[in-house]
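1. the following block contains a protein sequence and its predicted model.
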Amino acid sequence: MQRLVITGGAGFVGSNLAIFLQELRIGLTITCADSLKRRGSELALPRLRQHGVGFCHLDVRCPEDFERLPAFDLLIDCAAEPSVHAGIGESPMQVLNPNLIGTIHCLEAARKQHAAFLFLSSSRVYPIAAINELDFVEAETRFTLAGQQRLPGSSATGINEDFPLYGPRSLYGATKLSAELLIQEYVHSHGMRAVINRCGILTGPWQMGKVDQGVVTYWMSRHLFQQGLRYLGYGGTGKQVRDMLHVADLAGLIVKQMRSQTGWDGQIFNVGGGLDCSLSLKELTEHCRHRTGQTVPIAAVPETAATDIRIYLSDCSRVQAAYDWRPVHTVDTILDDIHRWLVEHRPQLEQVL
Ligand SMILES: NC(=O)c1ccc[n+]([C@@H]2O[C@H](COP(=O)([O-])OP(=O)(O)OC[C@H]3O[C@@H](n4cnc5c(N)ncnc54)[C@H](O)[C@@H]3O)[C@@H](O)[C@H]2O)c1
């Protein structure tokens with residue numbers, strides 16, 4: 001796996017991963033391919049160039065664009081419309097085309113090259129109603145999962161890969177689950193080597209956070225740039241909880257996966273920061289106030305959107321056992337990193353975020 005193509009390679013995960021891998025100086029040739037659809041993804045181009053990473057303008061919806069790529073041994077698919085709200089109140093094709101059709105084109109390109117495939121899936125494959133049925137306790141600053149849970153694959157520390165998959169999950173989540181199924185079929189029918197990482201919230205510097213995706217950088221930037229926020233849903237208390245993983249920790253895992261024989265038979269792994277690296281919005285607010293020295297108005301919107309979930313925590317036992325991997329970053333180091341990045345690049349980022 002010396003020659004890599006990363007689709008969505010100018011996005012948050014793709015560009016950070018490319019630079020991390022290039023910095024290892026282990027003789028990889030990396031080409032990032034992206035349509036630059038995401039606002040701010042163009043900021044990755046000089047960073048990629050500076051690190052000697054190639055770039056190809058490519059739209060994953062267009063199979064002919066893949067002909068422009070150099071030969072490769074591994075395709076890492078990070079191209080997506082990553083918002084859980086995508087396709088709602090607009091044509092579902094806005095999310096089906098880039099995510100599902102796009103991933104099919106990526107799979108086909110990999111099959112033709114006899115290349116391996118690594119897929120960035122999402123915790124959003126798990127159904128909304130089942131997650132919201134988990135027993136919980138309302139504590140002062142957050143909702144917590146109760147010690148005893150009735151559904152398989154769930155516990156006080158989160159959700160593992162055995163969690164039930166029946167029920168609606170958002171169009172975004174459905175594209176990810178559909179793509180997972182197809183990837184496993186390519187493994188079965190074409191002998192493709194593929195691994196699937198179902199990620200919880202990923203964050204870190206260079207994430208172009210917006211209200212519906214990239215919430216951690218969005219929250220910190222709104223504090224720094226003194227703009228108002230809203231606690232949406234669940235009574236407007238800001239107690240919804242998510243785990244988060246620094247993109248450098250994800251990159252560390254992918255290096256381990258590339259060096260291992262394990263998992264390439266289409267295995268699926270939950271990947272996230274877990275309970276130890278989780279926050280509610282209310283807690284995130286306190287962290288942001290502390291770092292930026294700013295307090296911004298936060299409106300409470302009690303009504304819960306149909307796609308919202310109360311708590312998501314990744315139970316990463318399987319991936320930890322398979323690769324002997326643990327995240328290094330903590331809540332504090334992640335937020336320090338994001339704050340430092342925002343301050344250092346403020347004039348540039350204030351235009352985009
Ligand atoms: N960031 C997270 O919290 C998170 C969590 C779970 C899974 N994921 C998944 O990880 C992957 C990377 O997410 P991200 O956070 O870097 O998102 P991102 O929006 O920063 O990056 C996605 C990139 O894909 C590009 N893109 C969109 N449509 C395209 C198209 N038709 N052709 C080519 N490129 C296109 C965008 O321009 C962007 O640069 C996605 O598949 C996402 O679903 C992300």
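-> Good, I have the coordinates.

2. find the nearest non-adjacent residue to G204, please.
-> V247 (4.0 Å; C-beta to C-beta, 6 or more residues apart in numbering). (Each C-beta comes from the backbone N, C-alpha and C, glycine too.)

3. likewise for A116?
-> Excluding the flanking residues, the one nearest A116 by C-beta to C-beta, 6+ apart is R193, at 4.1 Å.

4. related to what we said a few turns ago, separation between the residue nearest to G204 and the ligand?
-> Separation of V247 from the ligand (C-beta to the nearest ligand atom, to the nearest Å): 8 Å.

5. equivalent analysis for G274, please.
-> 14 Å.

6. and for Y231?
-> Remark: distance between Y231 and the ligand (C-beta to the nearest ligand atom) = 19 Å.

7. what pLDDT does the model give that residue?
-> With respect to pLDDT, Y231 scores 98.

8. SS state for the closest residue in space to it that isn't next to it in sequence?
-> The shortest distance from Y231 to any non-neighbouring residue, by C-beta to C-beta, 6+ apart, is to G238 (3.9 Å). Secondary structure assignment for G238 (DSSP: H, G, I helix; E, B strand; the rest coil): coil.

9. which residues touch G238?
-> 231, 280-282, 285, 298, 300 (C-beta atoms under 8 Å, 6 or more residues apart in numbering).

10. W206 should be in a strand, yeah?
-> No: counting by three-state DSSP, W206 is not part of a strand but coil.

11. give me the neighbour count for G191.
-> 10 (other C-beta atoms under 10 Å).

12. and it, backbone torsions?
-> phi 70, psi 20 (degrees, to the nearest 10).

13. now do it, the pLDDT please.
-> 98.

14. and the stretch 151-300 of the chain, which residues reach the ligand?
-> Residues of the stretch 151-300 of the chain found near the ligand, taking C-beta under 6 Å from any ligand atom as the criterion, are 199, 201-202.

15. give me the subset of the residues you listed lying in helices.
-> Counting by DSSP state H, none of the members of those fall within helices.

16. ok, so of the residues you listed, who is nearest T141?
-> Of all these, I201 has the smallest distance to T141: 17.8 Å, by C-beta to C-beta.

17. which SSE is the residue nearest to that closest one when sequence neighbours are not counted in?
-> Nearest residue to I201, sequence neighbours excluded (C-beta to C-beta, 6+ apart): M244, at 4.4 Å. Using DSSP states H and E, the element containing M244 is strand 241-246.

18. so what strands line up beside that strand?
-> strand 201-203 (parallel), strand 278-280 (antiparallel), strand 311-312 (parallel) (DSSP bridges).

19. for these, which one sits closest to E90?
-> Shortest distance between E90 and those, using C-beta to C-beta, is found for strand 201-203: 23.7 Å.

20. point me to the residue of the stretch 201-350 of the chain nearest the ligand.
-> Per C-beta to the nearest ligand atom, L202 is where the stretch 201-350 of the chain lies closest to the ligand, at 3.8 Å.

21. surely L335 is in a helix?
-> Yes: L335 forms part of a helix when assessed by three-state DSSP.

22. now do the SS call for the residue nearest to it when sequence neighbours are not counted.
-> Nearest non-adjacent residue to L335, counting by C-beta to C-beta, 6+ apart: H287, 5.1 Å away. The three-state label given to H287 by three-state DSSP is helix.

23. about what we covered before: what's in contact with the next helix or strand after the strand holding M244?
-> Using DSSP H and E, the helix or strand that directly follows strand 241-246 along the chain is helix 247-259. For helix 247-259, contacts defined as C-beta under 8 Å, 6+ apart pick out 1, 12-13, 16-17, 20-21, 24, 74, 76, 118, 195, 197, 199, 202-204, 207, 263, 271, 273, 319, 323-325, 327-329.

24. give me the buried subset of those.
-> Among the contacts of helix 247-259, the ones that count as buried by 16 or more other C-beta atoms under 10 Å are 12-13, 16-17, 20-21, 74, 76, 118, 195, 197, 199, 202-204, 207, 263, 271, 273, 319, 323, 325, 327, 329.

25. so which of those belong to helices?
-> Within the buried ones among the contacts of helix 247-259, residues falling in helices by DSSP H are 12-13, 16-17, 20-21, 319, 323.

26. from the residues you listed, which are also near the ligand?
-> Restricting those to those touching the ligand (C-beta under 6 Å from any ligand atom) yields 12-13.

27. dump the ones in helices among the buried ones among the contacts of helix 247-259 to CSV, plus pLDDT and distance to D337.
-> Converted to CSV, these look like this (pLDDT from 0 to 100; distance: C-beta to C-beta, whole Å):
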residue, pLDDT, distance to D337
F12, 98, 13
V13, 98, 15
N16, 98, 11
L17, 98, 16
F20, 98, 14
L21, 98, 19
V319, 98, 22
Y323, 98, 23
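
28. closest to D135 out of the ones in helices among the buried ones among the contacts of helix 247-259?
-> Nearest to D135 among these, with distances taken as C-beta to C-beta, is V319, at 25.0 Å.

29. OK, contacts around the closest one?
-> Neighbouring residues of V319 by C-beta under 8 Å, 6+ apart: 197, 253, 269-271, 325.

30. let me see the ranges of the helices in the protein.
-> With DSSP H as the criterion, the chain has helices spanning 12-23, 44-50, 93-95, 102-113, 128-132, 171-190, 215-224, 247-259, 281-292, 317-323, 331-344, 346-350.

31. enumerate the positions of the fifth one that are buried.
-> Meaning helix 128-132. Buried residues in helix 128-132 (16+ other C-beta under 10 Å): 128, 130-131.
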